[in-house]
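Peer 1: Below is the structure, and that's it, no one-letter string:
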């Protein structure tokens, strides 16, 4: 038996809530432009109940947990918050999440990042200072996608603001002199 996705229509200014199954006036639904009807699939009251249930599960950082990606047993603080899980934590660790982001964005692994980090002694490639409470950003040429190094947030932002344009940077240097 095949299940097909049912399109919820708005009839006579009313819509059926997918949770409580009540036919309610459309002003009982929040807007959601991703939906075909332009409205959330749950009414505002049911949305609020769902949110309250998520909050009932605060993250349990005290327990150890096994990451479903790397398979390592790690402390709870190594996992990001996930409101819908029973323990309040993601099923994969922060390192595996960052490794995936690095692969998707730059085609490098966390091991490649760690190697660059060590080569730069943990400091920004431009200002030479370490980043406090966050990772250094991977700097790359937007035209060639070639990775240039690791930058602190301030230097990475500055590079972005001048569009990696050497002439703009030289004009800034001349201005400061």
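Peer 2: That came through, no problem. Because the structure is a prediction, the values reported are computed rather than measured.
Peer 1: where does this structure dip in pLDDT?
Peer 2: By pLDDT under 70, the low-scoring segments of the chain are 1-9, 53-58.
Peer 1: Which residue ranges make up the domains of the protein?
Peer 2: Using automatic domain parsing, the domain parsing of the chain gives 14-54, 64-93, 108-176.
Peer 1: possible to save those domains as TSV with distance to residue 99 and mean neighbour count?
Peer 2: In this view, the C-beta of every residue, glycine as well, is placed from N, C-alpha and C. Listed next are the domains of the chain as TSV, based on distance: least, C-beta to C-beta, whole Å; neighbours: other C-beta atoms under 10 Å:
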stretch	distance to residue 99	mean neighbour count
domain 14-54	27	14
domain 64-93	8	15
domain 108-176	4	13
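Peer 1: Double-check that residue 100 belongs to a helix.
Peer 2: Yes: the assignment for residue 100 is a helix, going by DSSP: H, G, I helix; E, B strand; the rest coil.
Peer 1: check contacts around it.
Peer 2: Residues in contact with residue 100 (C-beta atoms under 8 Å, 6 or more residues apart in numbering) are residue 69.
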